[in-house]
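Asker: Got a predicted structure here, sequence first:
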There are 4 protein chains.
Amino acid sequence: MKGTEGDVSERRNRIETAAIEVFSENGYAGASTREIARRARVAEGTIFRHFPTKKSLFIGVIRPFVERFFAPMALRPIEVILDQDFDSLEALVTQIYDDRIGLIGQQPELFRMLAQELFVQDELREMVFAIVQERLAPRFAVVCGKLQARGLLLRLPHGQVARIIVSNVAAYGLARHVLMPDADWDDAAERRTTIALLVRGLSPPAGEGSPR
Amino acid sequence: MKGTEGDVSERRNRIETAAIEVFSENGYAGASTREIARRARVAEGTIFRHFPTKKSLFIGVIRPFVERFFAPMALRPIEVILDQDFDSLEALVTQIYDDRIGLIGQQPELFRMLAQELFVQDELREMVFAIVQERLAPRFAVVCGKLQARGLLLRLPHGQVARIIVSNVAAYGLARHVLMPDADWDDAAERRTTIALLVRGLSPPAGEGSPR
Amino acid sequence: MKGTEGDVSERRNRIETAAIEVFSENGYAGASTREIARRARVAEGTIFRHFPTKKSLFIGVIRPFVERFFAPMALRPIEVILDQDFDSLEALVTQIYDDRIGLIGQQPELFRMLAQELFVQDELREMVFAIVQERLAPRFAVVCGKLQARGLLLRLPHGQVARIIVSNVAAYGLARHVLMPDADWDDAAERRTTIALLVRGLSPPAGEGSPR
Amino acid sequence: MKGTEGDVSERRNRIETAAIEVFSENGYAGASTREIARRARVAEGTIFRHFPTKKSLFIGVIRPFVERFFAPMALRPIEVILDQDFDSLEALVTQIYDDRIGLIGQQPELFRMLAQELFVQDELREMVFAIVQERLAPRFAVVCGKLQARGLLLRLPHGQVARIIVSNVAAYGLARHVLMPDADWDDAAERRTTIALLVRGLSPPAGEGSPR
DNA sequence: CATGAATGAGTTTTCATTCAT
DNA sequence: CATGAATGAAAACTCATTCAT
């Protein structure tokens, strides 16, 4: 029993791993199921036993990544982030930075797939929007509100704050792991710089929105 | 018969315009030359009179955009930017912001194409790198150097400064013109926020690198 | 474990019933063993335990129908028909009509399968020919001969008589149960008309072939 | 110009001819576009340039046959049949018989295709029904009415009369050209028999509905 | 040069059949 | 015997590219 189940999962895993590779290298439309089958060392038909269509295979591998990236709801990390009391903007930004960059570093191919297809596939875009709005936005709003109330964050719309943080983190992730993975990177320095930029850029100017 | 040349250019233009549309909507691999021919109202074969392969058509339409975006060499705007004496970081950032966002707003389809394919096509990526390194980096280094010498810019590697500015501008361009073009946008407010973020984030803390 | 045999027959029956449905709806080539397995609520492999190939399954379900339709040899009904002394053409035609139409009405799907595939499958056609020639023709010839000797039936080749009767009955069966099963049908009137047509059409004109 | 057009039609014709052969031999679902291409001596892609789908190829070849068979509207033959004054049932039946059997004899493969697929393809069945109801039924009703008024035809519903005639003619066509084309056939004798059967079977019994 | 029919390799997907459990 | 995952050949269809006109 164990053996059988193990085998089943194993083939499925091989297909998913191969799919991530091939999609990441060639984009969705440029990837062929034949190549995926070859790399997974299974027959082409086997793919379609596990995933009824090529698109469902794509969604099947990218969805968990998107959920971890944008809404680690039930999973501890972000919940902890958002529920814990942040006593500084820096703590918030640092948490977000480390979590996202960690995820990207673990699975750069999936991040690459996401970046590529987000502009082409309406389905994927809607998936991301839905997850962000339902699961991320509300909790993020709470944290922003608290910081703003304490004068630690500019009074910008929360969506804009989120976009600014995400885009700076994502831009580094893209450059670091997708566009120029072979360059010499001083990760610690980059981290310091980006966090500092965001903290200084998003803090209210001294003497402006300060409480008291 | 005499007017043939005019017709030639016109046909070529129609093909290029149609190609931008179709590539932008479907990505390079997802676009078909047949569809491009249909929209350009030319025969399928005609495309291959003007561009020997599908890829050369893609490069043919995107290269001018990339050059304008990353290295407006012979074109005035950026040359002016870089050669003129900037007496403040804000002036620099503002110039870059307005030029890039202006370009993206004029041709969002080309920007979209660029964003999509940059991760998939090695050829395109190398083209961008080459242009950046040969034509943009040296001139940008000069400007950065001047500002740093005057204590108006953090002493970061110039590449990092460029990346930070570009990624913030590009992130807004993507959100504004590609991902959510139909949302309500307060362009002026976004501009102010982004420029302020970059200026504050990239200025040396008061009393640190200040001259004198 | 004891009741295994019962289960075996039951599984086999479910497979046959499902096969009849699916073959009838889609034709032989258009039917898939997967769909048959689904409707029979058995695993795909189970079908091939009972029938080595898809074709053998087809033959397995249609053969009994063909035998009942064209040569109810050991079965009483037609034997009775042919061996009993018919004292009129009408009695013969009525018997044939009622038996065939009854059979078709009971299992219209099998009749439909037969009608569809008779033109495509050489194997099936040969099966029907063999059954007709070996088991039906000789007995039918006896009955025809008797009626002709008594001047109650035109002196046509027996094959032609058979064909005429069968085709009129089959044509009604097709229209009634296959082509337009949902139309309003006056079965009794149709029966009267068809039988009358055949009787009048196949009887010798008065005063022609009459004996004496 | 002539040459080009000729070539175009020629390839299309070769495809249609090959399609009729292959569909007729294997049925719609059992026919492969690859085999059709092989027999037409064209590339497989060429088929899809002329007919966007396999089904449209099927419809493309069978529709003209169905129209000629069931509704030779604008074409003379049946119009003449129906509009001319038939002074006897025999004249009507003979005309129908000779026209239909002539058509079947000319293109037995198309007749075979029609017979096979009529039971499987809803689309085809609806096409036939539409043609019969719109173009055949009204004209046939006129002729039947005239004959009935003169006491030359049983007072049956016109649909039933049509079905009886058509099924007897079609049954002969199937046996003669589809099921047993290689048997010894005495076409003249068959013709006489079938027409006589229909005439005697459909005429009112002497002294019944006679107009005096 | 423009055309568009033709090509054939390539695509995703289906299917009857096999076989380890 | 039953199961259902695996197979790979074959299906319908697409596509960039060529070439005769």
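Answerer: The structure has been received and is ready for your questions. Residues are numbered from 1 along each chain as shown, chains lettered A, B, ... in the order given.
Asker: Below-threshold pLDDT in chain A: ranges please.
Answerer: Where chain A drops to pLDDT under 70, the residues are A:1-8, A:72-85, A:207-212.
Asker: now A:A162: how far from A:Q148?
Answerer: Per CB to CB, to the nearest Å, A:A162 is found 13 Å from A:Q148. Every residue, glycine included, has its C-beta placed from N, CA and C.
Asker: and what of A:S24?
Answerer: For A:S24, the distance to A:Q148 - CB to CB - is 39 Å.
Asker: who has more neighbours, those two?
Answerer: For A:S24 versus A:Q148, the count of surrounding residues by other CB atoms under 10 Å in any protein chain shown is larger for A:S24: 23 against 18.
Asker: List the residues that contact the more buried one.
Answerer: A:E109, A:L110, A:R112, A:M113 (CB atoms under 8 Å, 6 or more residues apart in numbering or on different chains).
Asker: want to throw those residues into TSV with distance to A:I59 and secondary structure?
Answerer: As requested, those are exported to TSV (distance: CB to CB, whole Å; DSSP: H, G, I helix; E, B strand; the rest coil):
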residue	distance to A:I59	secondary structure
A:E109	16	helix
A:L110	12	helix
A:R112	16	helix
A:M113	11	helix
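Asker: among those, who's most crowded?
Answerer: A:M113 (26 neighbours).
Asker: C:V132: which of the contacts of A:S24 is nearest?
Answerer: Closest approach to C:V132 among the contacts of A:S24 (CB to CB): A:M113, at 64.4 Å.
Asker: phi, psi of the residue nearest to A:Q148 when sequence neighbours are not counted?
Answerer: Leaving aside its sequence neighbours, A:Q148 sits nearest to A:R155 (CB to CB, 6 or more residues apart in numbering or on different chains; 5.6 Å). Torsion angles at A:R155 (phi, psi; degrees, to the nearest 10) stand at phi -90, psi 70.
Asker: ok, the residue of chain A at minimum distance from chain C - how many residues close by?
Answerer: Distance from chain C to each residue of chain A (CB to the nearest CB) is smallest for A:R49, at 11.0 Å. The local packing of A:R49 (other CB under 10 Å) involves 12 other residues.
Asker: What helix or strand is it located in?
Answerer: Taking DSSP states H and E as the criterion, A:R49 maps to helix A:44-50.
Asker: Can you confirm whether the helix or strand just after that helix lies near DNA strand F?
Answerer: Elements were assigned by DSSP H and E; along the chain past helix A:44-50, the next helix or strand is helix A:54-70. No - Helix A:54-70 lies apart from DNA strand F when judged by CB under 7 Å from any atom of the strand; the minimum separation is 12.6 Å.
Asker: Kindly export helix A:54-70 (C-alpha atoms) in CSV.
Answerer: Output of helix A:54-70 as CSV, limited to C-alpha atoms (Å, rounded to 0.1, in the frame of the first residue of the first chain):
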residue,chain,number,x,y,z
LYS,A,54,-1.9,21.6,-20.3
LYS,A,55,-3.4,24.6,-18.7
SER,A,56,-4.5,22.7,-15.7
LEU,A,57,-1.0,21.5,-15.2
PHE,A,58,0.2,25.0,-15.3
ILE,A,59,-2.3,26.2,-12.8
GLY,A,60,-1.7,23.1,-10.7
VAL,A,61,2.0,24.0,-10.2
ILE,A,62,1.7,27.7,-10.0
ARG,A,63,-1.3,28.1,-7.7
PRO,A,64,0.4,26.8,-4.5
PHE,A,65,3.2,29.2,-5.2
VAL,A,66,0.9,32.1,-5.7
GLU,A,67,-0.9,31.3,-2.5
ARG,A,68,2.3,31.1,-0.5
PHE,A,69,3.5,34.3,-2.1
PHE,A,70,0.5,36.5,-1.7
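Asker: what's the burial count for A:A162?
Answerer: So A:A162, with other CB under 10 Å, has 18 neighbours.
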